[in-house]
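Participant: next comes the sequence, and after it the predicted model I'd like to discuss.
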Amino acid sequence: VFAICIFCVGAFPPLEFAVAVLYVVVVLMAANLFERRGLLLVSGVCMVLTVAAFVVSHGFKADAAFLRCLVSLSAIVITTILALSNQATTTRLREQAELLDLTHDAVMVRDMDGKIAYWNRGAEQLYGWRKDEALGRSSHDLLQTVFPGPRTAIEAELLESGRWEGDIVHTARDDRQVVVASRWALQCDERGQPASVLETNTDVTERNSAQEDLRQAQ
């Protein structure tokens, strides 16, 4: 509705109406450079400049130019609100990612093709690959995953129930064999289609070795 209103008001505007678009671009740029306070400051400056330009060019006449000034101010305000909302969402996601970095478990997110989209600090410490080295690579190829059964059956169970748990063997960067208790959770998109897999791996190499030693002793 707002876009239609802008079209109706500015269907055949003079050139100065394009200034509103430039101020919106300035606000969008500020959203990537500054936090909340800096963004509000830039937005306020853009609004002051918009009003000042109108007063200098047209005085205080309530004509078509005044209506264009109001539309310009509305565009700046709405863009600022959307940018602040996006910043809040980004901050919340960043905080959640930082929490995942605190866990000792290896946490990764991979798409349905197996490519790694998220790699936490625990995964770096367990496997030896840095985040920038792991992102975009196939997790099973990178870690040389050895499954406890047919991979097709495991993936079928994941798609059917939305989760899977079991022990798998990974190979670290230094060629060390790591046995992990792996837990997979399927994430679907808004249409209900499988989109990604959250995988959490706990190192159980020493525990399994101790259990094997106990069995041999018995």
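Facilitator: Yes, it's here. Remember, it's a predicted structure, so these values are computed and weren't measured experimentally.
Participant: show me where the protein has helices.
Facilitator: 2-9, 18-33, 36-58, 64-102, 121-127, 131-134, 139-143, 151-161, 205-217 (DSSP state H).
Participant: longest single strand anywhere in this structure?
Facilitator: strand 177-188 (DSSP state E).
Participant: check which residues of stretch 27-37 are buried.
Facilitator: By neighbour count on 16 or more other C-beta atoms under 10 Å, the buried set for stretch 27-37 is 27, 30-31. Where you see a C-beta, it was placed from the backbone N, CA and C, and this is true even at glycine.
Participant: low-confidence ranges in this structure?
Facilitator: Within the chain, the segments meeting pLDDT under 70 span 1-20, 58-64.
Participant: before we move on, the earlier item: helices or strands next to the longest strand of the chain in the packing?
Facilitator: helix 121-127, helix 151-161, strand 163-171, strand 194-203, helix 205-217 (3 or more C-beta pairs under 8 Å, 6 or more residues apart in numbering; DSSP states H and E).
Participant: make it 7 Å
Facilitator: With contacts taken as 3 or more C-beta pairs under 7 Å, 6 or more residues apart in numbering; DSSP states H and E, strand 177-188 sits against helix 151-161, strand 163-171, strand 194-203, helix 205-217.
Participant: report the contact partners of the closest residue to Asp141 other than its chain neighbours.
Facilitator: In space, and not counting its chain neighbours, Asp141 is closest to Gly114: 7.7 Å by C-beta to C-beta, 6 or more residues apart in numbering. Contacts for Gly114 (C-beta atoms under 7 Å, 6 or more residues apart in numbering) come out as 138-140.
Participant: wait, which of those is closest to Glu199?
Facilitator: Ser139 (7.3 Å; C-beta to C-beta).
Participant: the closest one reaches Val107, doesn't it?
Facilitator: No: at 11.8 Å, Ser139 does not count as touching Val107 under the criterion of C-beta atoms under 7 Å.
Participant: which one of those two is surrounded by more residues?
Facilitator: The neighbour count for Ser139 versus Val107, taken as other C-beta atoms under 10 Å, is higher for Ser139 (22 against 19).
Participant: give the buried residues for stretch 115-132.
Facilitator: By neighbour count with 16+ other C-beta under 10 Å, stretch 115-132 contains the buried residues 115-116, 118-124, 126-127, 129.
Participant: how many other residues sit next to the closest residue to Ser196 other than its chain neighbours?
Facilitator: In this structure, Ser196 finds its nearest non-sequential neighbour in Gln187, 4.6 Å apart by C-beta to C-beta, 6+ apart. Using other C-beta under 10 Å, Gln187 has 13 other residues around it.
Participant: what does Ala210 give?
Facilitator: Ala210 has 11 neighbouring residues, counting by other C-beta under 10 Å.
Participant: that one and Ala153: what is the separation?
Facilitator: The gap separating Ala210 from Ala153 is 29 Å, by C-beta to C-beta, to the nearest Å.
Participant: and what of Asn120?
Facilitator: Applying C-beta to C-beta to Asn120 and Ala153 gives a distance of 28 Å.
Participant: and for Thr80?
Facilitator: With the distance defined as C-beta to C-beta, Thr80 ends up 52 Å from Ala153.
Participant: ok, which of the helices and strands packed on strand 177-188 comes nearest Ser74?
Facilitator: strand 194-203 (35.9 Å).
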